[in-house]
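S.K.: no sequence on this one, just coordinates:
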């Protein structure tokens, strides 16, 4: 994706919030959009999150290390916000990594920019709060579904709701995301192929 296409995607996203043209211009003027190569670490354990991101193109993965093994907890694709929310809002050290899973174009924001934009566009605070509530609700629903479902059900949900992840993310990371070893994911896939 070219820089011009990324900027256009950003403008379309901002317009989707129902803002006036002059408000969209203000946001565009005050927003930093950066390219990050695959593998770029945006945040690591022990760091306090100072930035929040929005994926315009590419993918970002969140994961923990436990006993030297990576455990993927989230994947963020186009038009999804990326943030270590607890670390960012409470200024406490992160416990996980945020890493670009693909080459990525991201918006880069911080608390100072957010406050400035909310002063310039007062109703933006309401829009941001609404988006945070939606993202929080989505995260809670995903957590609940994860707890209540088997690895096979988790994989089937990915097939149904986020199929593109399966085409873009390495299988060993998908396996850790649904809570199984790569060999177990292979068995799940074979079993489902036989059923089909």
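M.R.: Yes, it's here. Computed from a predicted structure; not experimentally measured.
S.K.: any chance you could map the strands in the chain?
M.R.: All strands of the chain, identified by DSSP state E, fall at 32-36, 41-43, 52-57, 60-66, 69-76, 81-82, 97-100, 104-109.
S.K.: now distance to residue 146 and mean pLDDT too, for those, in a markdown table please.
M.R.: From N, CA and C alone the C-beta is placed, and that goes for glycine too. As requested, those are arranged in a markdown table below (distance: least, Cβ to Cβ, whole Å; pLDDT from 0 to 100):
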| stretch | distance to residue 146 | mean pLDDT |
| --- | --- | --- |
| strand 32-36 | 27 | 96 |
| strand 41-43 | 22 | 98 |
| strand 52-57 | 21 | 95 |
| strand 60-66 | 14 | 95 |
| strand 69-76 | 9 | 94 |
| strand 81-82 | 19 | 92 |
| strand 97-100 | 19 | 98 |
| strand 104-109 | 25 | 96 |
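S.K.: for residue 187, find the nearest of the ones you listed.
M.R.: Across the strands of the chain, the minimum distance to residue 187, taken as Cβ to Cβ, is reached by strand 69-76, at 18.9 Å.
S.K.: helices or strands up against the closest one?
M.R.: Contacts of strand 69-76 with other secondary structure elements, assessed using 3 or more Cβ pairs under 8 Å, 6 or more residues apart in numbering; DSSP states H and E, are made with strand 60-66, helix 171-178.
S.K.: please name the strands paired to it in the sheet, noting orientation.
M.R.: strand 60-66 (antiparallel) (DSSP bridges).
S.K.: may I see the buried residues of the partner strand?
M.R.: With burial defined by 16 or more other Cβ atoms under 10 Å, the residues of strand 60-66 counted as buried are 60, 61, 62, 63.
S.K.: and stretch 26-43, by the same measure?
M.R.: Of all the residues in stretch 26-43, those buried under the rule 16+ other Cβ under 10 Å are 26, 27, 31, 33, 35, 36, 40, 42, 43.
S.K.: domains in this protein, by residue range?
M.R.: The domain map for the chain lists 3-148, 149-196, with the assignment taken from automatic domain parsing.
S.K.: surely residue 107 meets residue 51?
M.R.: No - with contact defined as Cβ atoms under 8 Å, residue 107 does not reach residue 51; the gap is 9.7 Å.
S.K.: show me which of these two is the more surrounded one.
M.R.: Neighbours of residue 107 and residue 51, each counted by other Cβ atoms under 10 Å, are more numerous for residue 107; the result is 22 against 19.
S.K.: that one bridge partners, please.
M.R.: Residues found in beta-bridge contact with residue 107 (criterion: DSSP bridges) are residue 33, residue 54.
S.K.: ignoring the adjacent residues along the chain, who's closest to residue 15?
M.R.: residue 24 (5.7 Å; Cβ to Cβ, 6 or more residues apart in numbering).
S.K.: how near is the one you found to residue 69?
M.R.: Distance check for residue 24 against residue 69: by Cβ to Cβ, to the nearest Å, it reads 44 Å.
S.K.: the two: which has the busier surroundings?
M.R.: residue 24 (18 against 10).
S.K.: quick check: pLDDT value at residue 134.
M.R.: At residue 134 the predicted local confidence, pLDDT, stands at 88.
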